[in-house]
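> Build me a model:
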Amino acid sequence: MPIPDDVTGDEIDADVRQELMSLPKGLAEDVARNLVMVANLIDEDPEQAYAYSRIALRLASRVAAVREAAGFAAYATQKYSEALAEFRAARRMTGGVELWPVMADCERGMGRPERALAMAGEPEVQKLDKAGQVEMRLVAAGARRDMGQLDAAIVTLQSPELASTAVHPWTARLRYAYADALLAAGREDEAREWFAKTAESDKDGATDASDRLAELDGVEFVDAIDELDDETDESDETDESVATEAVDEAVRVDDEDDEDDDEDLDDRA
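Presented below is the predicted three-dimensional model:
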């Protein structure tokens with residue numbers, strides 16, 4: 001697959017670059033460039049990112065960073081079984097636990113929420129950093145909802161991290177999940193409060209908390225582009241109507257002129 005000339009492979013993280021040093025230089029560069037493409041495309045075009053990840057995997061399947069990238073690309077395209085296999089391979093190579101939450105979420109994606117819950121209770125969770133533990137809590141709550149245990153999902157999300165007024169990278173997502181669960185449980189006033197808290201902490205717009213809050217407040221949004229299109233259509237219809245009337249008028253005048261000419265000819269005859 002084509003890779004833009006300005007993608008050199010130097011853009012990858014230092015840790016990944018270190019892993020690739022085990023490969024011949026030319027091969028390492030090819031793998032690095034494909035990994036950069038995966039990172040660049042995974043949000044906007046996950047299918048393309050997946051295709052580049054398969055190339056990197058074919059070139060260097062024994063590099064943990066490659067297996068991890070392939071896993072995330074498969075995860076982004078909802079190929080959960082494949083993603084889980086790649087994450088397990090990467091974990092075997094590194095011995096780390098960082099991928100534990102996303103591995104559990106793959107179990108959810110495969111329709112096995114009970115396995116995700118089981119993973120949430122494993123010792124590996126205690127080895128995760130704070131961000132990883134919050135992510136695991138989100139996965140466990142999602143698994144509870146998958147199983148129809150809405151109240152249990154709400155309780156799962158209740159934690160010191162949720163109650164904290166400090167804003168961390170995971171804060172908006174945690175608050176959003178809690179607000180969404182409250183709303184699903186019919187606790188609308190509490191949900192509104194937590195959507196508002198989410199919007200306050202979501203400076204990057206990672207969630208649609210502001211829209212959800214507006215919906216609860218009865219605010220309706222009008223798409224400016226659609227409105228402009230409607231106005232353009234109405235304008236086109238008006239112009240077409242005016243043009244049609246003008247043509248009809250011209251035809252009527254011509255007909256009257258023809259009738260006058262016929263009368264003049266009759267008079268002369």
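
> Can you classify the residue nearest the centre of the chain by secondary structure?
Centrality entry for the chain: nearest residue to the mean C-alpha point is residue 43, 6.5 Å, by CA atoms, centre = their mean. Taking DSSP: H, G, I helix; E, B strand; the rest coil as the rule, one finds residue 43 in the coil state.

> Repeat that for residue 54.
The local conformation at residue 54, judged by three-state DSSP, is helix.

> so what's it up against?
With contact set as CB atoms under 8 Å, 6 or more residues apart in numbering, residue 54 has these partners: residue 70. In short, each C-beta sits where N, CA and C put it, glycine included.

> Show me where the protein has its helices.
Under the criterion DSSP state H, helices of the chain are mapped to 14-20, 25-41, 46-59, 64-76, 80-94, 100-109, 113-120, 130-146, 150-157, 160-163, 171-184, 188-201, 209-216, 224-268.

> Just tell me which of these ends up closest to residue 4.
Comparing the helices of the chain against residue 4 with CB to CB, the closest turns out to be helix 25-41 (8.5 Å).

> Run through who's touching that closest one.
Contacts of helix 25-41 with the rest of the structure, by CB under 8 Å, 6+ apart, involve 1, 3, 7-12, 16-17, 20-21, 23, 48-49, 52-53, 55-56, 59-60, 63, 65-66, 69, 72-73.

> Likewise for stretch 191-201?
Contact partners of stretch 191-201, identified using CB under 8 Å, 6+ apart, comprise 167, 171-172, 175-176, 178-180, 182-183, 207, 209-210, 212-213, 216-217.

> mind redoing it with 6 Å?
Around stretch 191-201, the neighbours that count as contacts under CB atoms under 6 Å, 6 or more residues apart in numbering are 167, 171-172, 175-176, 178-179, 182-183, 207, 209-210, 212-213, 216.

> What remains of those if I keep only buried residues?
Buried members of the contacts of stretch 191-201, counted by 16 or more other CB atoms under 10 Å: 171-172, 175-176, 178-179, 182-183, 207, 209, 212-213, 216.

> got the buried residues for stretch 47-67?
So, applying 16+ other CB under 10 Å, buried residues of stretch 47-67: 48-57, 60, 63-67.

> Out of those residues, name the two that are farthest from one another.
The most widely separated members of the buried residues of stretch 47-67 are 48 and 64, with 23.0 Å between them, by CB to CB.

> where does this structure have low pLDDT?
221-269 (pLDDT under 70).

> residues contacting the closest residue to residue 94 other than its chain neighbours?
On the basis of CB to CB, 6 or more residues apart in numbering, the spatially nearest residue to residue 94 that is not a chain neighbour turns out to be residue 64, at 5.0 Å. Taking CB under 6 Å, 6+ apart as the contact definition, residue 64 lies against 90, 93-94.

> mind checking how far residue 64 is from residue 182?
39 Å (CB to CB, to the nearest Å).

> Can you select the buried ones from the contacts of residue 64 in PyMOL?
The PyMOL command for the buried members of the contacts of residue 64 (criterion: 16+ other CB under 10 Å) is given here:
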select buried, resi 90+93
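
> out of the contacts of residue 64, who's nearest residue 109?
Lowest distance from residue 109 to the contacts of residue 64 (CB to CB) belongs to residue 90, with 17.4 Å.

> hang on, isn't the closest one packed against residue 68?
Yes. Under the criterion of CB atoms under 6 Å, residue 90 makes contact with residue 68 at 4.2 Å.

> Next, count neighbours for residue 129.
10 (other CB atoms under 10 Å).

> now swap in the one 5 residues further on and tell me
The burial count assigned to residue 134 is 23, neighbours taken as other CB under 10 Å.

> isn't it right up against residue 171?
No. Contact criterion CB under 6 Å: residue 134 and residue 171 do not qualify, at 8.7 Å.

> and the residue nearest to the centre of the chain, how far is that from residue 164?
28 Å.

> again with residue 3
If you measure residue 3 against residue 164 using CB to CB, the figure is 43 Å.

> who has more neighbours, these two?
Neighbours per residue, other CB under 10 Å: of residue 3 and residue 164, the larger number sits with residue 3, 15 against 11.
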